[in-house]
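Asker: what follows is a predicted structure for the sequence shown.
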Amino acid sequence: MRITARALAAHVQGEVEGDGDIELAGVAAISNAGIQDLTFAESPDSVALASTSAAGAVLVNRNAPQSSKTLIRVRNCREAFAMAMMLFHPPETYPAAIAPSAHLGEQVQLGADVFIGPNVVVGRAAQIGARTAILANCVIGDGVIVGDNCVLHPNVTVYPRVRIGARVIIHSGTVIGSDGFGYLRHKGATIKMPQIGGVLIEDDVEIGSNVSIDRATLNATVIGRGTKLDNQVQVAHNVIIGQDCLIDRKSVV
């Protein structure tokens, strides 16, 4: 797509300083930006560097120094740049389709415009919400509920007794609902304690790749609304994570 600097400024609630008619076709770092690219600069030094770059326009904070470049002044240039990135690179969309190689169990319920990719297995009585995309090689266990507008990237495994809310993104290799590490010592032997609880993933959660979220022993392991988990995070059984948390892979939960 192409958009003028003036129209882009309106989109990010900013003000143009310079040539508002210049056309922009993408975003780039200062060092790689071309004449049709938008870049951003937060500090006086980076504004000076952007002024000597080939960038077509530069997003800056309102108090940034003047420049020979076309500037778009905003309250927070990093937030505005994220908005611009989403404009030029919107999330991928998926057609309403079920791959011939997918296997759907009995009593599966599919919402409108669902995409089920190659070799996906959906267990008995699972429910998949409207406009959700389940990509190649995912396994969805019996009775799992997945909400609307979710994306499960390839090779995600969701065990039975897992509930996933709306607008959830789960990246490749993640396993949700595997047994918690529950054992008892009895007469010198190690006895496995049954893990009969579930997992609840609330709305607007994003889970990175190769994450493990264990089912609870009795109730539910919970990932609160809006929380984001980094790659390779381990969430143990019975953990309850609140809303809008950011957890990186160095964390232990």
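Answerer: That came through fine.
Asker: and the longest helix seen in the chain, how far out from the chain middle?
Answerer: Secondary structure of the chain read by DSSP state H shows that its longest helix is helix 77-88. Centroid displacement of helix 77-88 relative to its chain, using C-alpha atoms, centre = their mean, to the nearest Å, is 16 Å.
Asker: which helices and strands sit right next to that helix?
Answerer: Where contact means 3 or more C-beta pairs under 8 Å, 6 or more residues apart in numbering; DSSP states H and E, helix 77-88 is packed against helix 5-11, strand 26-27, strand 37-41, strand 57-61. Quick note: C-beta positions are derived from backbone N, CA and C, even for glycine.
Asker: show me what the last one is packed up against.
Answerer: Applying 3+ C-beta pairs under 8 Å, 6+ apart, one finds that strand 57-61 makes contact with strand 37-41, helix 44-51, strand 70-74, helix 77-88.
Asker: how about a cut-off of 7 Å?
Answerer: strand 37-41, strand 70-74, helix 77-88 (3 or more C-beta pairs under 7 Å, 6 or more residues apart in numbering; DSSP states H and E).
Asker: swap in the second one?
Answerer: Using 3+ C-beta pairs under 7 Å, 6+ apart, the elements in contact with strand 26-27 are strand 37-41, helix 77-88.
Asker: quick check: V162 touching V144?
Answerer: Yes - using C-beta atoms under 7 Å, V162 makes contact with V144 at a distance of 5.1 Å.
Asker: for the helices and strands packed on strand 57-61, which one ends up most surrounded?
Answerer: Among the helices and strands packed on strand 57-61, ranked by average contacts under mean count of other C-beta atoms under 10 Å, first place goes to strand 37-41 (a mean of 26).
Asker: could you figure out how far that strand is turned away from helix 44-51?
Answerer: With axes from the mean of the first three to the mean of the last three C-alpha atoms, to 10 degrees defining the directions, strand 37-41 sits at 160 degrees from helix 44-51.
Asker: what sits up against strand 37-41?
Answerer: 8, 24, 26-30, 33, 47, 50, 53, 55-60, 64, 77-78, 81, 84 (C-beta atoms under 7 Å, 6 or more residues apart in numbering).
Asker: let's go with 6 Å and repeat that
Answerer: By C-beta atoms under 6 Å, 6 or more residues apart in numbering, the surrounding residues in contact with strand 37-41 are 24, 26-28, 30, 33, 47, 50, 55-60, 77, 81, 84.
Asker: can you check stretch 230-245 too?
Answerer: For stretch 230-245, contacts defined as C-beta under 6 Å, 6+ apart pick out 180, 208-214, 216-217, 221-227, 247-249, 253.
Asker: which of those residues are buried, as a ChimeraX select command?
Answerer: Applying 16 or more other C-beta atoms under 10 Å to those, the buried members can be selected in ChimeraX as follows:
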select :180,208,210,211,213,214,216,217,221,222,223,224,225,226,227,247
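Asker: buried set for stretch 18-28?
Answerer: By neighbour count on 16+ other C-beta under 10 Å, the buried set for stretch 18-28 is G18, G20, I22, L24, G26, V27, A28.
Asker: need the max-distance pair from those residues.
Answerer: Largest separation among the buried residues of stretch 18-28 by C-beta to C-beta: G20 and A28, giving 19.8 Å.
Asker: so which of the helices and strands packed on strand 57-61 is nearest A130?
Answerer: That would be helix 77-88 among the helices and strands packed on strand 57-61, by C-beta to C-beta, at 21.9 Å.
Asker: that closest one - what's its average pLDDT?
Answerer: Here helix 77-88 scores 94 as its mean pLDDT.
Asker: tell me the angle of it relative to helix 44-51?
Answerer: Using the same axes, to 10 degrees, helix 77-88 lies at 40 degrees relative to helix 44-51.
Asker: tell me the angle of helix 77-88 relative to strand 57-61?
Answerer: In terms of direction (the same axes, to 10 degrees), helix 77-88 departs from strand 57-61 by 140 degrees.
Asker: which residues are in contact with helix 77-88?
Answerer: Residues from elsewhere that reach helix 77-88, judged by C-beta under 6 Å, 6+ apart: V12, G26, V27, L38, F40, E42, L59, V60, N61, V74.
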